[in-house]
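>>> Okay, structure incoming, though there's no sequence with it:
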């Protein structure tokens, strides 16, 4: 089974980190591929709605490219790219391009915000979201509503630290994230905490220990959900809304 | 006062039609500008989530370009483009790129789905949406929820006709739209009908006569809302979420 | 185009102030009329549900009277009253009598609470309401729900100052209102603030400057919405609920 | 214990019928009083929002009058009216004036729509409303939402018969009501049916037998709720919203 | 009329206290019976979901036993148990077994959480719940949603005192409850307070005096609702969901 | 990794069938255990709220027993029972005892209704539930709301066939289920169908082929979710609500 993680920003370091997490939680029979756009072919980080508009297009481009590759390493041929996967993960907390990606493949596609929130509601009654920039909270709130979790999400905090600063292990950014997680548990009664950025994937274990409640990383959660769906044979429903689009613009097929 | 309508698809004919409607309903003191991307620089029509991902980026590009132009015809100088407007209308029923556009200007920005639904709730208790393709109903439903109108929207119908066929005055597509409007009034008790495509803007008067209830076109509605906001001095709140983005990718500034 | 603003309380000073605001934001082609009941023929101020019950009847009476006048100044005849308008504004924040008024005219009718909330959701993600008396917050909450804005309204504050004290420019009441607006922005993350009383119409510009976010006055908002609807030819849907009532009691026709 | 039922329309026959029902279900220790306005001092029937605006004022007037009477028959003195009651019932399905009435007395006040819906949710999972005129369904829907029963109310039907025709025992109106009750049970899965008009109070037993499910009359339900509240010493909370109004206009005190 | 209160825990003292309250508020024509399981045949107190699972079964057993008794004291025969009642009250704040109980009798069945919340919404705009253990708040929140009162319930507090300690009149537990009631009124604007435990039934009058708002006990409220329903002839709708179960396990019939 | 499926009814055949499905979809490193109560120690089938009250207790008993066993086959010792598992599945569509089970273990616990609905929302926009008895639809609706999927669940159908008849491969019951799945897709626009009974687990593949959309079995879905959670180290949050209960009654520990 192959799962393809798409990081729509151009940070190769973040993409590698995501792949490490994904491989740790994937079952022994799961092959993980993680890609991101070349520098200049996508946003440096997704920190605004404008970035996100571009990120959505990047996600569509990458799924279309993988599906169009026709043949992949597993077929023994010379692939002209990564090749189709059994399932895809949109590895950016705003879940950009999720609907478009679902049009472009028969397999399951899961966003990391979506995945983390679903798993949170299976682990406790209530969850909080702790993310990077306050300006992205509006999008996070939209997702909470879309996925049906208004009643379960009891708090949303932003550390107001730049996404890429999380890469730095000794940064004050990480301490700030930790304090917000503790606050959500103590003051808002959150049973679990959802981390609102793919770049926080390596903070999970420490934060779980520190807060005493499950701290949930969307990358790990999404890999679990997608691989479970592949195993049970459930992909994306191709009825109507997510059927292949009437036309694929060149912009998407060959960006 | 200048209002700038952005049609994110490449149909020049549809863009012209939209401009006609806008000018008819704008007050005598309002200058209307309507633009669309060059062929190949945007989707031919917005008929899928994949198209919409691209359309959102196009909207951001056009607002950024207008705002960056620095000087416009009204200043008497040699503009390097349209120049900044007092307010913007996203003239595509999925309201693509609405959030991004709000980041990129201080003026008001209103989508035509948003506008039509707001006006519908001021005219009657309940409204129905009649649109082109059933595969776009999921997006329409998302918008209904985001804008707060789940309780007011009593039916959503799709004629399953291609967007561009509406351009043809004698087409069966137009009759089908009319029948769905009648059905919404008769069977679902809709007090008003919202037309779910910018390309239907010229059908409004006939359908209002035929159904006996207000049939609402988003283009006209959006022009009314944006010009009203400009007159009362209310633009986009620049607090946090819609503040200018930390960085504008070249992709958006100069596509 | 004529827009008729109805202040259901008997304060002539407040009515005049409302008319000033309305004229400032109306387009150059809009004629504004503002009326209120004679002393003793309506509540002195609307500060309780009991006042509001009477206010609703007053609104119905004034619309019925205008519509029944048959002929107005614009016709050059001898009017027996103001004469029918193209659209009506209910200029009291509880939107009393809104449904009744819609039964009594073919034109659009918009309440100022309704108008301010609609415009707020076009300007930002979230709004707060700042009003006079805490005992009226229940009614305001009802309106927020009815109009579909529970998810958008993040705070409601009352200064607990009497409505009529706002007339006094140097009053502590005005400072208290300003502080609550600031608090809503700072502590509740309100992107905009809706002023919860027609009598605050002249505070808007100052408060916008002081808070740094759009502070929205319902009178201006309603004039914008109603005039936009008149321009696009959308009145009140006369299907069923808002059709003319089976019978008009003398009490309403000739109070 | 005295319970005062207020019918805001001027039909003395309907008021008498309501009193009969109320007395049948009241406990042996309950004294029932039922009043309505004099002809010309209230709407003939409540069949529009305009009627309802007047009805709300009438309800406030009657509660204020009863409370102001100072002394009642039970005191052995010469009452100048009915005198204060221990609790009040607003006996009109739109629950007009309910909030105002709650300001005007310390005792409990319950509307018959409210009462019937509450009892319905204690009897089964789902209920339907069957009422007289379709133009009143919007108001009924507002009440369903205000009381919290959107998920429980599965259907709303109007027989489109005039309120006063229900007085006629042999009328087709009654048969139409019965058929709608049966339809709600059969097609919509309603566990119970709420009758949407005080004038249907005498149809209850027959309809219960015919449909096989509890058919609930708001008059009986309200008497049960109000008398239960009086017995347990719970009146209207006088904190803030329902505290006595700052001023009672003469219009309400002595209409 | 006989009303049967079922306390699913084994505390005979609490059961007796409940019966006292019930008799005080029941009308003069109501016979009150209160039962609880023998020690070892039910939970000692309901303080966890595990306790509640057992409590639900106990409630079903007791209703089944009463209904099966076939003959009761009122028939003059030798009853083999309490005998069928006209209506039942589930006297435990989690309303355990409510749906099962409704399957097992034709009469009305009301839970005390349900009853208190319904009455609270008739007395004021908003209510708070004050209960014993914070671990039970999740269940209380579920009930608030099920009954439709999310918009009305403005706060939920737990004193984190054990249920049985409330029996002790001089305990600090009682003072803590009182302080939380005051806080809900002062800080959350609760118009009324619902007490979240059958064991608090005797605190009601004192807390009402201390807080100045109605403090509502579910036992009293449920007796009022059930007796009102019996008087008006409305029991449990036996359509489908609450029809007698296809089979009654011996475990329920003869535990 | 060991996953323990609990079927709370006494059908050994159904339990075996569930185990087969679970093993097919579990990863190669997952050990599946499936248990059910002895005849007489649990309901024969869960077809009423009364059955479900008992089923909830059975689930609590089985989790408590497994956890208390102290040592399991994997430890090489002589187990006094199944022994603790890494995660649990409640294999009955009403998800009985789910909250209690979460109190009794540190591992994840997922119900099959919950699991199927979560997976459905990852596969398409909308789902329908097709179940056995119409009297269980109320419970299913409660679960839909609790899990947050009111907007996503577009239809609920019951075939009104007994649970145990599904065991019979040639039965009319199976054809009826298939027809309802087709109807949900065709008439209600369901993107996926959730099967509302653990006993339908073997119908999934056929129904998926027949309807052309993913038909989702809760058993497979729950195994995927629980194993994913175990792999990522997320169990049940033990904060407050799901912390171990203050006391475990003998009834639960050793039924």
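Yep, that arrived. Bear in mind the structure is a predicted one, so any value in this text is a computation, not a measurement.
>>> where does residue A:2 fall, phi/psi-wise?
phi -110, psi 130 (degrees, to the nearest 10).
>>> how many other residues sit next to it?
Residue A:2 has 20 neighbouring residues, counting by other C-beta atoms under 10 Å in any protein chain shown. Just so you know, the C-beta spots here come from the backbone N, C-alpha and C atoms, and that holds for glycine as well.
>>> cool, and the one 5 residues further on?
Applying the criterion other C-beta under 10 Å, we find 31 residues in the vicinity of residue A:7.
>>> how far away is it from chain E?
Applying C-beta to the nearest C-beta, to the nearest Å, the value for residue A:7 to chain E is 36 Å.
>>> Surely that residue is in contact with residue A:197?
No: assessed by C-beta atoms under 8 Å, residue A:7 is found out of contact with residue A:197, at 11.2 Å.
>>> Now for the residue of the stretch 51-200 of chain A found nearest chain D: which residues touch it?
Residue nearest to chain D within the stretch 51-200 of chain A (C-beta to the nearest C-beta): residue A:151, separated by 13.2 Å. The contact partners of residue A:151, taken as C-beta atoms under 8 Å, 6 or more residues apart in numbering or on different chains, are E:145, E:150, F:148.
>>> For it, give me phi and psi.
According to degrees, to the nearest 10, residue A:151 has phi -80, psi -20.
>>> do the same with the one 5 residues further on
Geometry field for residue A:156 lists phi and psi as phi -140, psi 120, criterion degrees, to the nearest 10.
>>> Then residue A:159?
According to degrees, to the nearest 10, residue A:159 has phi -80, psi -10.
>>> Please apply the same query to the one 4 residues further on.
When read as degrees, to the nearest 10, the backbone of residue A:163 gives phi -50, psi -40.
>>> What residue, apart from its backbone neighbours, is nearest it spatially?
Using C-beta to C-beta, 6 or more residues apart in numbering or on different chains and skipping residues adjacent in sequence, the residue nearest residue A:163 is residue A:45, 4.4 Å away.
>>> Which residue, other than its chain neighbours, is closest to the residue of the stretch 1-150 of chain A found nearest chain E?
As assessed by C-beta to the nearest C-beta, chain E sits closest to residue A:125 within the stretch 1-150 of chain A, at 4.8 Å. Once flanking residues are discounted, residue A:125 sits nearest to residue E:138: 4.8 Å by C-beta to C-beta, 6+ apart.
>>> Does the one you found touch residue A:154 like I think?
No: counting by C-beta under 8 Å, residue E:138 stays clear of residue A:154, with 11.7 Å between them.
>>> Can you pick out the residue with more neighbours from those two?
More neighbours surround residue E:138 than the other of residue E:138 and residue A:154, with 19 against 16 (other C-beta under 10 Å).
>>> quick check, stretch A:91-111 touching chain C?
No: counting by C-beta under 8 Å from any C-beta of the partner chain, chain C has no neighbours in stretch A:91-111; the shortest distance is 14.8 Å.
>>> check whether that stretch contacts chain B.
Yes: using C-beta under 8 Å from any C-beta, stretch A:91-111 reaches chain B at A:97, A:99-100, A:102-104.
>>> do stretch A:51-68 as well
Yes: under the criterion of C-beta under 8 Å from any C-beta, chain B is reached by stretch A:51-68 at A:51-54, A:56-57, A:59-60, A:64.
>>> Going through those, which ones are buried?
A:51-54, A:56-57, A:59-60, A:64 (16 or more other C-beta atoms under 10 Å in any protein chain shown).
>>> related to what we said a few turns ago, could you report the distance from the residue nearest to residue A:163 to residue B:247?
According to C-beta to C-beta, to the nearest Å, residue A:45 and residue B:247 sit 8 Å apart.
>>> Specify which residue of these two has the higher count of neighbours.
residue A:45 (23 against 13).
>>> returning to that earlier point: might one say that the residue of the stretch 1-150 of chain A closest to chain E is in contact with residue A:188?
No: between residue A:125 and residue A:188 there is no contact under C-beta under 8 Å: 12.0 Å.
>>> Please say which of these two ends up with more neighbours.
Set residue A:125 next to residue A:188 and count neighbours by other C-beta under 10 Å: residue A:125 wins out with 25 against 16.
>>> Tell me the secondary structure at that one.
coil (DSSP: H, G, I helix; E, B strand; the rest coil).
>>> tell me the contacts of the closest residue to chain B within the stretch 1-150 of chain A?
Per C-beta to the nearest C-beta, the residue of the stretch 1-150 of chain A with the smallest distance to chain B is residue A:48, at 3.4 Å. Neighbour list for residue A:48: A:135-136, B:100, B:103, B:245-247 [criterion: C-beta under 8 Å, 6+ apart].
>>> 6 Å instead?
B:103, B:245 (C-beta atoms under 6 Å, 6 or more residues apart in numbering or on different chains).
>>> May I ask which helix or strand encompasses residue A:178?
helix A:172-188 (DSSP states H and E).
>>> for that helix, which positions count as buried?
Neighbour-count burial for helix A:172-188, counted by 16+ other C-beta under 10 Å, picks out A:173-174, A:176-178, A:180-185, A:188.
>>> before we move on, what about stretch A:102-110?
Going by neighbour count (16+ other C-beta under 10 Å), the buried part of stretch A:102-110 is A:102-105, A:107-110.
>>> go on, stretch A:207-216?
Under 16+ other C-beta under 10 Å, the buried positions of stretch A:207-216 are A:207-208, A:211, A:213-216.
>>> Straight-line length of that stretch, end to end?
End-to-end span of stretch A:207-216 (C-alpha to C-alpha, to the nearest Å): 9 Å.
>>> Ok, stretch A:146-154 next?
16 Å.
>>> How about it, which residues are buried there?
A:146-149, A:151-154.
>>> Also stretch A:34-50?
Neighbour counts over stretch A:34-50 (16+ other C-beta under 10 Å) mark A:34-37, A:42-50 as buried.
>>> ok, so of those, who is nearest chain C?
Of all the buried residues of stretch A:34-50, chain C sits closest to residue A:49, with 11.1 Å by C-beta to the nearest C-beta.
>>> Spatially nearest residue to that closest one, not counting backbone neighbours?
Closest to residue A:49 by C-beta to C-beta, 6+ apart is residue B:99, at 3.8 Å.
>>> Next secondary structure element downstream of the host helix or strand of the one you found?
Here residue B:99, judged by DSSP H and E, is contained in helix B:98-103. Next along the chain after helix B:98-103, taking DSSP H and E as the criterion, comes strand B:109-111.
>>> Pull up the pairing partners for that following strand, direction included.
Using DSSP bridges, the strands paired with strand B:109-111 are strand B:87-90 (parallel).
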